[in-house]
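> Dropping the sequence and predicted coords here.
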Amino acid sequence: MSARVDFIPAAADVARAGTRLADHDWAAFAAAMDGHGAAVLPGVLSAQECRALAALYPHEAHFRSHIRMARHGFGRGEYRYFRYPLPDLLGGLRSAFWPHLAGLANDWNARMGLARRYPDQHADFLRQCHDAGQTRPTPLLLQYGPGDYNCLHQDLYGDLVFPMQVAILLSEPGRDFTGGEFVLTEQRPRMQSRVEVVPLCQGDAVVFAVHNRPVSGSRGSYRVTMRHGVSRIREGQRHVAGIIFHDAA
Ligand SMILES: O=C(O)CCC(=O)C(=O)O
Ligand SMILES: [Fe+2]
């Protein structure tokens, strides 16, 4: 019997991914997440790594399913959910990001009056997901062409939800594509919605709120509802890798 299961990445891949996140200013990160519900980590992947990850798109063997967004009313464009085991780089990043996010996520849940607390290791949260019947991997690769867009949405796949997720831009804006801005909306109680455009360069990661986040008010924190999407691609092709931390039912 092997102790390793295919949804847990190799320790060496997590350690390698961890070194590229270590130098980031995580205090500034927490301030941006609290202030805006999103934060950018520049240059998480090199241009070469971005190209290599985007080049996986046509290779069926890496993926469990293929979604054409127009068929579901999700927008226009397509994406594929990876199968386990994830590519080493992506699986490593998913686990390496976790310790930088879990504390803030616990803080958010406390401020929103939600009982759930997240463990120190992503592997332990994945075990909770799998025990609850959320066993299908959610990391994905998206591909957009001219005229494509991604409607505002939330990536919820069951009762177990981690409140932050990551998207890494694999294409180079201005050269590979134009248009295609990453956008977030924030819906506040009894107020009109607010929009935030997040400019990204190739290889940058945006971390953002999946569903709800706390905002400090005069009488403590209140909850706002977040959605994300992508504006219309004007020209060229745009690829993105998405890292969602909960698995799907
Ligand atoms: O294409 C994008 O930038 C957004 C992708 C997305 O919706 C996701 O990663 O969940
Ligand atoms: Fe999404």
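Received, thanks. Fair warning: this is a prediction, and the values are worked out from it, not measured in the lab. Ligands and ions are numbered 1, 2, ... in the order given.
> From here on, just use CA atoms for contacts and neighbour counts.
Noted.
> Identify the residues contacting Ser65.
80-82 (Cα atoms under 8 Å, 6 or more residues apart in numbering).
> what helix or strand is it on?
strand 63-68 (DSSP states H and E).
> Neighbouring strands of that strand in the sheet, and parallel or not?
strand 78-82 (antiparallel) (DSSP bridges).
> and the partner strand, which residues are buried?
78-82 (16 or more other Cα atoms under 10 Å).
> picking that back up, including distance to Arg219, could the contacts of Ser65 go into a markdown table?
Listed next are the contacts of Ser65 as a markdown table, based on distance: Cα to Cα, whole Å:
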| residue | distance to Arg219 |
| --- | --- |
| Arg80 | 43 |
| Tyr81 | 42 |
| Phe82 | 43 |
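> Can you lay out these as JSON lines showing distance to ligand 1?
Shown next, in JSON lines, are the contacts of Ser65 (distance: Cα to the nearest ligand atom, whole Å):
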{"residue": "Arg80", "distance to ligand 1": "11"}
{"residue": "Tyr81", "distance to ligand 1": "11"}
{"residue": "Phe82", "distance to ligand 1": "12"}
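> Could you find the residue in the protein that comes nearest to ligand 1?
Proximity of the chain to ligand 1 (Cα to the nearest ligand atom) peaks at Gly242, 3.7 Å away.
> who's in contact with that residue?
139-142, 165-168.
> would you turn those into CSV with pLDDT, distance to Gly92 and secondary structure?
CSV is the format used below for these (pLDDT from 0 to 100; distance: Cα to Cα, whole Å; DSSP: H, G, I helix; E, B strand; the rest coil):
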residue, pLDDT, distance to Gly92, secondary structure
Pro139, 98, 12, coil
Leu140, 98, 14, strand
Leu141, 98, 16, strand
Leu142, 98, 19, strand
Gln165, 98, 15, strand
Val166, 98, 13, strand
Ala167, 98, 15, strand
Ile168, 98, 14, strand
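> ok, which pair from these is furthest apart?
Leu142 and Gln165 (14.8 Å; Cα to Cα).
> Any figure for the gap between the residue positioned nearest the centre of the chain and Tyr81?
The centroid of the chain falls nearest to Val166 when counting by Cα atoms, centre = their mean (2.6 Å). Val166 sits 15 Å away from Tyr81, going by Cα to Cα, to the nearest Å.
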